[in-house]
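**Q** give me the fold of what follows.
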Amino acid sequence: MAQDSQSANDPKTSIAPMLSVRNGAKAVEFYKAAFGAGVLFRIDDPSGAVVARLSVEEAEFWVADESPEHLNFSPESLGGGSVRMVMIVQDPDAAFARAVTAGATVVWPVSNKYGWRLGRIVDPFGHHWEIGKLLGVP
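**A** Just a heads-up that it's a prediction; the model follows:
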């Protein structure tokens, strides 16, 4: 019988987006205020650039200053982003309100649609976030 457990030497596969922004230090502070993110790892370059691994509960994502020399551009440089973040939470209304209070802009307010309680914001760095939960799920 195959063993299903994972060890430190054989971690499970995960995918975590890395968001490119123009001001990494400011972005980290925004995500802490907006989503209650914790900082798991952070490097501050003498130039002021930041790379940080953040988590909201068990969901992880990365934030880094854009680096055109490495072909990493922020939505501000591109005139928009190519990815939307979807954050599933227990209380979409509260999470949405907290993000707006922290400085996010409402794209569309939280409402019931598509079988979800869902709203969409854009953060100050140009990244779009849909915040919601499947209806009928406690």
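**Q** how about the helix or strand harbouring residue 76, which residues are buried there?
**A** Using DSSP states H and E, residue 76 sits in helix 75-78. For helix 75-78, burial by neighbour count (16 or more other Cβ atoms under 10 Å) applies to 75, 76. Any C-beta I mention is one placed from the backbone N, CA and C, and that applies to glycine too.
**Q** which residues does that helix contact?
**A** 20, 21, 22, 66, 68, 81, 125, 126, 127 (Cβ atoms under 8 Å, 6 or more residues apart in numbering).
**Q** residues near residue 57, how many?
**A** Residue 57 is flanked by 11 other residues according to other Cβ atoms under 10 Å.
**Q** flag the shaky bits of the chain, pLDDT-wise.
**A** In the predicted model of the chain, residues 1-10 satisfy pLDDT under 70.
**Q** looking at it, which strand is longest?
**A** Secondary structure of the chain per DSSP state E: the longest strand is strand 105-113.
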